[in-house]
Structures are given as structure tokens and as C-alpha cells.
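[1] Okay, here's the prediction I keep looking at, along with the sequence it came from:
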Amino acid sequence: MASGSSGRSRARKLQTLRGVGVARSRMKSSSVPQTTTSWAKSGAGSSGDAARATRTRARRTVMRQKIAVCTTVGRCARSDRDARERSSRATVRASPVSDIHARVACYMTLILSQQDVRECLPMDACMRVMRDTLIALSVGDAVQPLRSVMRGPEHKGVLGVMPGWLPGLGVMGLKAVSVFSGNHAAGLESHIGAVLLHETKHGQLIAIADASEITAIRTAAVSGVATQALARDNASDLAILGAGTQARTHLEAMLLARTLRRVRVWSRTRAHADAFAAWAAQRFAVAVEVMPSVRDAVHEADIICTTTASREPILEGAWVAPGAHINAVGSSVAFARELDTAAVVASRLFVDRQESTINEAGDYLFPLREGAITEAHIVGELGDVLRGVRPGRGSPTEITLFKSLGIAIEDIAAAQYVYTQAQATGRGVTVHLGGTR
């Protein structure tokens, strides 16, 4: 396809240049005789005004011919440039290159749908990517500002903008996502938006990926990594609070993190819990017990995942068994929490990023404001544990808590992986957004 397009381009260019040559030839042959003839007609006795008028007409004729030639050449150049871009698009899609900067020379942007993300980001691969990303943050190979959140006048939802930079991967970008908790009643997802992926050599936008699917997968993947690092090795009894999208991806991640013998789920809406159990049986051949209360769901559970949109605590510390590990996922704002103060006080607290936690995590900020804990209650970041510079679980009986806020570099790393896989498999839709004038 590329060679054929290039051949047609060269043929058009050759044909156009032939026309340019003819035009130039005519210009040379016609301009001088016209001037000479005009002078001859004027004669020695002609007035100076007539001679100047004749010379002016001759110069205007030559200028018009030059403009025509330049216009023709410009059209040829544009045609040839367009052909090269079409050829480059075909080459980029057909021949993946390992160097991310080599793929973006012509500034093509790959649009990746929810289905594209789902196909290109399996949970086990995402867990590996998240592990590497958290380690990069720990060693300083990441730029991670705090997110910016805008709330509408009617407080129906929020729009969050989350930038980040990963020098080691050669990418930067941001996630722009709206969060409307009431969307489920309308059959819509609560998180809707896009991850914008830029390469860092020229800053070109190389991909736009669905944010809801990336968020669903990478959040659970980070919890999976935390469970591998902090839960007891023999942890096998899982309780999931909530039955939405995050509950489903968390079940998949927990199945990869530990060998499970029992799974329980609780939801405020019994029908949602029943639907989750039916889905799990079909997808993973896992029998999920639907429980009538949070207390029943977490009784003697080894691993607890809180994935709800609740603003008030649903999990009480008195219900958590010694030795349990908790992944607190649902709340990502300062004014909401899923755990009561007793649950946080009883746990050794690990976080994805300390600066984000002390500014944005309600599960941490409520006990802090109450005076039940101090800033020293945060043991460390998960990346430090993964690197081995911070101890994780200290004993089989202590309760470990991973507070997951979700940070932009997780989205960017996931998007970069999706982009690479999509390039290799031909997924997505390529568009030319610009970059040159």
C-alpha cells in the first residue's frame, strides 16, 4: 500500500513538474519578445510615458506567469506531502517499532476505545506495569503533581484533571475524567473520560484512550500488587464490599494475587450482588456467596476490598479479623470515607503516594482531624515496600491497610502499554490531528 501510494505521488509530481517546465519555457520565450516589440512599436520618437507604460505591462505579465508557476509547485509539494503522510500511516500501522519516538515522526494519534483497552490490557500484564510504575515513583523516576478537581454549581459531579510524566517510558500525559455517582441509575458508568498520551521528545499526542476502562483495570491491578506485598501468604478468604465495575476487576486481581477458597460479596442493592455472583460464576467458575450485611461479609475474611461510592463508613474496625489485609479503594476525596476511625487506627497504613494521601484521602484525614492518628501513622508508600527499602507486614496477626487514591502515572503507564500493544496488533483508529503548518 505504501509503495503504490509513493509511486502515484512521484508520477503526479513528475507530471506537474513537466507543466512547470513548459510554463517557465513559455515565460522565457514570451516575456522578452513582448518587451522588444513594444519598444520597436514605440519608435525613437515615442514619448517617455508610453515607453514606461509598455515596460510596466511587460513586468506585470512576467509576474503573473511567475505566480502561476509558484502555485503549481506549491500544489505539487502539498500533494507529495499528503502522499508521504498516507504512506507513513500505513507503515506505522504495519510495522511496529520498539522506540516510541520513531513511531511518531508524522504525528499520528491513535484513538483507543473501551474495547481496545480491554483487549490490550490484561490484568496480569497490568499488575506488572503497575509494580514497575510504583517503583519508578519510589526511586524518583516520575513526576506526579496533585490532581485538580472542579465541582459544578449543583454538586452533581466533578471533573478531575490528573497530569503525570514517566521519563523512563518516554511518555507524559493526563487523565481528564468526570465522576458522576448517580450515573448508574441511568445505565452509565460513573467515571467517563480519556487518557491523553504524549511522547516526550517533541510532546506529540500519540494516543487518546478510554479512561473508564483504564481506571477500572489499573486500580484493581494496584490492589493486586498491594495484596501480593502485604497480605499473608496463606490468605484465601476474600470479601468484596460493593458489586460494581471495581468489584469485578478486583475479583480478577485477587484471583491472581492469592489462591482463594472462599469469596463473599455485599452490596446495598441485593440485585447487584446477585448479578455479580452470576457473572463471577460464568467468568471465572467461582462460587460467590451473597451476604446480607457488611459484618457477615467480612467475618474472618483474610482480604477485604472496599469498592463502594459511600461517603460514610461502611466497614467498622471491630469487624476486621486479626491478620487481615484491606484494600480501601472506593473513596478518592477528602470528604468521604469507607472505613471508620477504629479500622484505620488498628491497621498499619500503606499508601500509593504520601503527598496525595495527606491532601485527598478521607479515610486518612477523618481520623487525623479527630486526633486518633498522626501523620506518622502512614508507614510508607507501596513502591518503597516493593523496592525492599520499607518493611511490609510485620506479623501474621497485624492488620495491613492499603489506601488507594489512584494517581496519574498509573493511568499513563497503562495507556502506554495499551498503545504499544495496539500498535503491534493493529487495534484502534489512527487520525492525523496536526503538528505541522
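    Noted; the coordinates are in hand. Numbers count the residues shown, from 1 in each chain.

[2] Now do the host helix or strand of residue 344, average pLDDT.
    Under the criterion DSSP states H and E, the helix or strand holding residue 344 is helix 341-345. Confidence over helix 341-345 (mean pLDDT, whole number) is 98.

[3] Partner strands of the helix or strand following it, with direction?
    Elements were assigned by DSSP H and E; along the chain past helix 341-345, the next helix or strand is strand 347-351. Strand 347-351 has the following strand partners under DSSP bridges: strand 378-381 (parallel), strand 399-403 (parallel).

[4] Can you tell me the SS state at the residue nearest the centre of the chain?
    Centrality entry for the chain: nearest residue to the mean C-alpha point is residue 195, 3.0 Å, by CA atoms, centre = their mean. Using DSSP: H, G, I helix; E, B strand; the rest coil as the criterion, the local structure at residue 195 reads strand.

[5] pretty sure it contacts residue 206?
    No - distance between residue 195 and residue 206: 11.4 Å, which falls outside the contact criterion (CB atoms under 8 Å). All C-beta atoms are positioned from the backbone trio N, CA, C, and that covers glycine.

[6] Which other helices and strands does the helix holding residue 344 contact?
    Judged by 3 or more CB pairs under 8 Å, 6 or more residues apart in numbering; DSSP states H and E, helix 341-345 is in contact with helix 362-369.

[7] Would you mark the buried spots in the helix it packs on?
    For helix 362-369, the buried set under the neighbour-count rule, 16 or more other CB atoms under 10 Å, comprises 362-368.

[8] pLDDT averaged over that helix, what's the number?
    Within the predicted structure, the mean pLDDT of helix 362-369 is 97.

[9] CA atoms only: put that helix into PDB for me.
    Extracted C-alpha coordinates of helix 362-369, given in PDB (Å, rounded to 0.1, in the frame of the first residue of the first chain):
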ATOM      1  CA  GLY A 362     -10.800  10.900  53.500                       C
ATOM      2  CA  ASP A 363     -10.100   7.500  55.100                       C
ATOM      3  CA  TYR A 364      -6.900   9.100  56.500                       C
ATOM      4  CA  LEU A 365      -8.000  12.700  57.000                       C
ATOM      5  CA  PHE A 366     -11.000  12.000  59.200                       C
ATOM      6  CA  PRO A 367      -9.100  10.000  61.900                       C
ATOM      7  CA  LEU A 368      -6.300  12.600  61.600                       C
ATOM      8  CA  ARG A 369      -8.700  15.500  62.200                       C
END
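
[10] by how many degrees do it and strand 347-351 diverge?
    Taking axes from the mean of the first three to the mean of the last three CA atoms, to 10 degrees, helix 362-369 and strand 347-351 form an angle of 120 degrees between their directions.

[11] Helices of this protein, start to end?
    2-42, 48-94, 114-120, 123-139, 211-230, 245-257, 270-284, 294-298, 341-345, 354-360, 362-369, 382-387, 408-425 (DSSP state H).

[12] So which bits of the fifth one are buried?
    What it means is helix 211-230. Of the residues in helix 211-230, those buried by neighbour count under the rule 16+ other CB under 10 Å are 211-230.

[13] nearest to residue 264, of the buried residues of helix 362-369?
    residue 363 (21.5 Å; CB to CB).

[14] Which residue comes closest to the closest one once chain neighbours are left out?
    For residue 363, ignoring the flanking residues on the chain, the nearest one in space by CB to CB, 6 or more residues apart in numbering is residue 337 at 4.5 Å.

[15] mind listing what residue 397 touches?
    Taking CB atoms under 8 Å, 6 or more residues apart in numbering, we find residue 397 in contact with 322-323.

[16] what number of residues lie near residue 301?
    Burial measure for residue 301: 23 neighbouring residues, criterion other CB atoms under 10 Å.

[17] phi, psi of it?
    Here is the backbone geometry of residue 301 (degrees, to the nearest 10): phi -70, psi 140.

[18] That one against residue 241, yeah?
    No - using CB under 8 Å, residue 301 and residue 241 do not qualify as a contacting pair, with a distance of 10.1 Å.

[19] can you count the residues close to the spatially closest residue to residue 136 that is not a sequence neighbour?
    Beyond its immediate neighbours in the sequence, the residue positioned closest to residue 136 (CB to CB, 6+ apart) is residue 142, lying 4.9 Å away. For residue 142, the neighbour count with other CB under 10 Å is 24.
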